[in-house]
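Colleague: sequence below, structure please.
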Amino acid sequence: MKFIGCLLSAEKMAPLIAFVNEYNNKRPYQVLEMKCQGVVYEKSQKQYTELPDGDFY
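Modeller: Purely as a prediction, here's the structure:
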């Protein structure tokens, strides 16, 4: 979201941020036993120090 935010104005980002918040924190999923993704998400302990080779980005 940080990268996209630098390309879009705050006015255009607001609906996207609202959607992502609802998608991750308000919509329960059957496969997660009716929990929201934001509740079960755990940040990876893996640290990335290099970008992949090629034109990935």
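
Colleague: ok, longest helix in this structure?
Modeller: Within the chain, and with DSSP state H defining each element, the longest helix by residue count is helix 10-25.

Colleague: next helix or strand past it?
Modeller: As assigned by DSSP states H and E, the chain's next helix or strand after helix 10-25 is strand 28-29.

Colleague: list the contacts of that next one.
Modeller: Contact partners of strand 28-29, identified using Cβ atoms under 8 Å, 6 or more residues apart in numbering, comprise 34-37. For glycine as for every other residue, the C-beta is placed from the backbone atoms N, C-alpha and C.

Colleague: please pick the buried ones from those residues.
Modeller: residue 36 (16 or more other Cβ atoms under 10 Å).

Colleague: mind putting the contacts of strand 28-29 in TSV, secondary structure and distance to residue 48 included?
Modeller: TSV is the format used below for these (DSSP: H, G, I helix; E, B strand; the rest coil; distance: Cβ to Cβ, whole Å):
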residue	secondary structure	distance to residue 48
34	coil	33
35	strand	27
36	strand	26
37	helix	22
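
Colleague: relative to residue 43, which of the contacts of strand 28-29 is nearest.
Modeller: The nearest member of the contacts of strand 28-29 to residue 43, counting by Cβ to Cβ, is residue 37 at 13.0 Å.

Colleague: share the number of residues neighbouring the closest residue to the closest one other than its chain neighbours, please.
Modeller: Sequence neighbours aside, residue 24 is the residue nearest to residue 37 in space, at 4.9 Å (criterion: Cβ to Cβ, 6 or more residues apart in numbering). Using other Cβ atoms under 10 Å, residue 24 has 13 neighbouring residues.

Colleague: isn't residue 24 right up against residue 39?
Modeller: No - the pair residue 24 and residue 39 does not pass the contact test of Cβ atoms under 8 Å, sitting 9.2 Å apart.
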